Every structure is written in structure tokens, then in C-alpha cells.
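Undergrad: here you go, sequence then predicted model.
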Amino acid sequence: MREVVIISGKGGTGKTSLAASFAYLEGSNALVSDCDVDAANMHLLLDANFRSKEDFFSGDLAVIDEDICINCGKCDEVCRFDAIDVIDDQHRVDFISCEGCWYCSRVCPTEAISMVKQKAGDLFVSDIKNGSKMVHAKLGFAAENSGKLVAKVKQEAKILALKEDKAFVITDGSPGIGCPVISSLSGANLVVLVTEATVSGLHDLKRVHKLVKTFSYESVCIINKYDLNEEMSQKIEIFLEKEGIKLVAKLPYDDTFTKALALAQPIVEYSSDGELSTLVKESWEKIKTIIEENDK
């Protein structure tokens, strides 16, 4: 089993659409994991049925027992996150502001404050239209520890992939370079960097490549909508050559891409014989060839 992680330094590059297309092309041979837990949407493109759901708990929250609390105010004095308010003459915790540091519970003279595990999100396993399964998740409102939820998604995906003898795990990472992305990269056999021919596209490509390089993962690149700014696309190619990153494909702008999204379909499903679909198919074959060569 080999894992391909698709990431981008910024949103809007077409990362998720390409990941869904690769999953659709590989069919039941690939298990899918969506690690963009802050703004998950891959389930829309792959028609996920949310077959099973599991609560995800991470981090602690302070809870005040009002029957024991004497409203001395010591908890409010030591809280550095302004998470304790006085409402109707009673000290209460603002769950969104609480960082779970335990300080308030330690200074409470009546032990009225307990720390409870926070439900940070939901983990799902779905059947999808490529004949396989997808592990995905949704981070709760104002919840923390998205990196840990991503780690849980990847763990469950790999367990399921090994159990069902899948050849690939195709992982859609979140945009940026933060904790969720770092967690998404863990254990990758190949990282696909998706960028676009814009100033911000090149800037964020450099940032995310630096992150990937830090962890010594091999990466390849796809330039999406390259023909909207061919001068910038050339600058991206120069950067890729300098860093020794293989350019898998240059995809042109095509409004069928938008039409496919409107119908919640990967481009290779919406227009299987179109120019863009052909290029995406060739891209996936090149990616598999690179992985096979690395295994030799």
C-alpha cells in the first residue's frame, strides 16, 4: 500500500478536485482520506454516504459545578484567556475561549472546577462512487487540535486500506503549511504539490515545498491554469527545476472544470474524453510510474 498526499500552499488551486479525480480513476483500488478537516468538501465530489460516524475527543475544557462554587473569583483572576465570566452573579466558563490549561481547577479552593474531555469533531467512514471507501472528518466549531483529528483520519484510513488490501491511499491535505498539513504529510510515499500560475501561487508553492523538504519527502508538481499567466508559469517551472521537483503536468484553464464542480463531479467523470480529463489521466499514470520506480 502506497500513500499519495495532494497539498497546496493556498486554497483555490484545484487540489481537492484533482485528488477526487485521481480517486475516481483508480476506483476500488484506492482508499481515500480527506484531511482537510477544517473545510471538508471532498465528500461532495465522491458522493459519500456517511455510513458510520464516531465522536472525536481532544483537549480539555473547564466546567464549574455551581452547587459547589462559592464565587470567590480566584479562577477569574488566574485565567489568561478571559474564559471565565460572571453571569447572573455566577462564575461561568466560556467554552470557546477556554484553552484547557487546568490553572483554574488547581486554584479553586472548593474543587468546584473539573476538566472534561472536549468533543472536537466527528470522524466518518463512507462508501463512495468509485467503488471504494473514504475516511473523512469535520472539525467542530471553534474546536482546536485539527492536527490530531487529521492524524486520526490518516490512522483509520491506513488501517482500513491494509485490511481491504488497497494498493493506494489517496489523501487530500488541507491548504497552507500549518499543523493539519504537517499531520497530512506523515508517512507519505509521494507528495503532489498543486499550484497555479499566479504570484501568490508561486509564493505559497515555495513555502509548502520548504515544509515538505524539511521532512525529506519526495514531491512532484502540477501547475493548474498555467495558460492564464504563462510568464508566471515559466517562473514556477524555473523554481521547480532549481529544486529538482518533477513537473507532472501543466493543465490549461477549461470552463468544463467549473461545470463539473457545479454538478459535484470530478472532471474525469464529467468529461471523460475531454482534453483536460486526458491530461489528468496522464498525470495520475505518471504519478504511479514515479512511485513504482521508487519502489525498485
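TA: Arrived safely.

Undergrad: skip the chain neighbours and tell me the closest residue to the residue of the chain most remote from its centre.
TA: Taking C-alpha atoms, centre = their mean, the residue of the chain most remote from its mean C-alpha position is Ile70, at 44.4 Å. In this structure, Ile70 finds its nearest non-sequential neighbour in Thr110, 5.7 Å apart by C-beta to C-beta, 6 or more residues apart in numbering. From N, CA and C alone the C-beta is placed, and that goes for glycine too.

Undergrad: for this protein, what spans make up the helices?
TA: 15-26, 42-45, 74-78, 103-107, 146-163, 179-185, 199-214, 230-243, 255-262, 267-270, 275-295 (DSSP state H).

Undergrad: buried deepest among these, which one?
TA: helix 15-26 (a mean of 27; mean count of other C-beta atoms under 10 Å).

Undergrad: before we move on, the earlier item: to Ile84, which of the helices of the chain lies closest?
TA: helix 74-78 (4.5 Å; C-beta to C-beta).

Undergrad: from the contact counts, what lies against the closest one?
TA: Here helix 74-78 touches strand 84-87, helix 103-107, going by 3 or more C-beta pairs under 8 Å, 6 or more residues apart in numbering; DSSP states H and E.

Undergrad: output these as JSON lines; include the columns distance to Lys119 and mean pLDDT.
TA: Converted to JSON lines, those look like this (distance: least, C-beta to C-beta, whole Å; pLDDT from 0 to 100):
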{"stretch": "strand 84-87", "distance to Lys119": "21", "mean pLDDT": "94"}
{"stretch": "helix 103-107", "distance to Lys119": "19", "mean pLDDT": "95"}
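
Undergrad: select, out of those, the one closest to Ile290.
TA: Across the helices and strands packed on helix 74-78, closest to Ile290 is helix 103-107 (C-beta to C-beta), at 50.4 Å.

Undergrad: run through the neighbouring helices and strands of the closest one.
TA: helix 74-78, strand 113-127.

Undergrad: thinking again about what came up before, can you put the helices of the chain in TSV and add distance to Asn224?
TA: Below are the helices of the chain laid out as TSV (distance: least, C-beta to C-beta, whole Å):
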stretch	distance to Asn224
helix 15-26	8
helix 42-45	16
helix 74-78	50
helix 103-107	47
helix 146-163	23
helix 179-185	18
helix 199-214	9
helix 230-243	10
helix 255-262	9
helix 267-270	11
helix 275-295	10
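
Undergrad: between these, which one is closest to Glu54.
TA: helix 146-163 (8.5 Å).

Undergrad: span of stretch 65-82 from start to end?
TA: From its first residue to its last, stretch 65-82 covers 19 Å (C-alpha to C-alpha, to the nearest Å).

Undergrad: which residues are in contact with that stretch?
TA: Residues outside stretch 65-82 that contact it (C-beta atoms under 8 Å, 6 or more residues apart in numbering) are 62, 64, 84, 86, 89-91, 94, 97-99, 101, 103-105, 107-114.

Undergrad: cutoff 7 Å now
TA: Here stretch 65-82 makes contact (C-beta atoms under 7 Å, 6 or more residues apart in numbering) with 84, 89-91, 97-99, 103-104, 107-110, 112-113.

Undergrad: for PyMOL, write the selection for the buried entries among the residues you listed.
TA: Restricted to buried positions by 16 or more other C-beta atoms under 10 Å, the PyMOL selection for these reads:
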select buried, resi 84+91+98+103+104+108+112+113
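
Undergrad: tell me the one among the contacts of stretch 65-82 nearest to Ile6.
TA: Within those, proximity to Ile6 (C-beta to C-beta) peaks at Glu99, which comes in at 32.2 Å.
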